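Undergrad: would you be able to build a 3D model of this:
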Amino acid sequence: MKFETMYIVYNNEETPVFVGNTPECCEFLNMTQASFYCLVTKTRNGIIKGRKYRVYKIEEETEDEI
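TA: Numbers count the residues shown, from 1 in each chain. You can find the predicted model right below:
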């Protein structure tokens, strides 16, 4: 079974505003996939100053973690 990576988008007030896969998030944020992946990387690395949104990858739980 193929697992599609899901992301959660937060605004500046740290309120979740959207959850979806890459194409869905790109459409919501009105950006290309390259720009989206850049935003994900910058969020992960803590480079968030002046950004309207933060995007985090949602990790899948394995049976060992449950």
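Undergrad: tell me which residues in the helix or strand harbouring Cys38 are buried?
TA: Taking DSSP states H and E as the criterion, Cys38 maps to helix 33-44. Buried residues in helix 33-44, defined by neighbour count with 16 or more other CB atoms under 10 Å: Phe36, Leu39, Val40, Thr43. All C-beta atoms are positioned from the backbone trio N, CA, C, and that covers glycine.
Undergrad: what helices or strands is that helix leaning on?
TA: helix 22-29, strand 53-58 (3 or more CB pairs under 8 Å, 6 or more residues apart in numbering; DSSP states H and E).
Undergrad: direction included, what does the shortest one pair up with?
TA: Yep, that's strand 53-58 we're talking about. strand 6-11 (antiparallel) (DSSP bridges).
Undergrad: in whatever helix or strand comes next after the strand it pairs with, which residues are buried?
TA: Moving toward the C-terminus from strand 6-11, the next helix or strand (DSSP H and E) is strand 16-20. Residues of strand 16-20 classed as buried: Phe18, Gly20 (neighbour count, 16+ other CB under 10 Å).
Undergrad: now do strand 16-20, average pLDDT.
TA: On average, the pLDDT along strand 16-20 is 96.
Undergrad: pull up the pairing partners for it, direction included.
TA: By DSSP bridges, strand 16-20 pairs with strand 6-11 (antiparallel).
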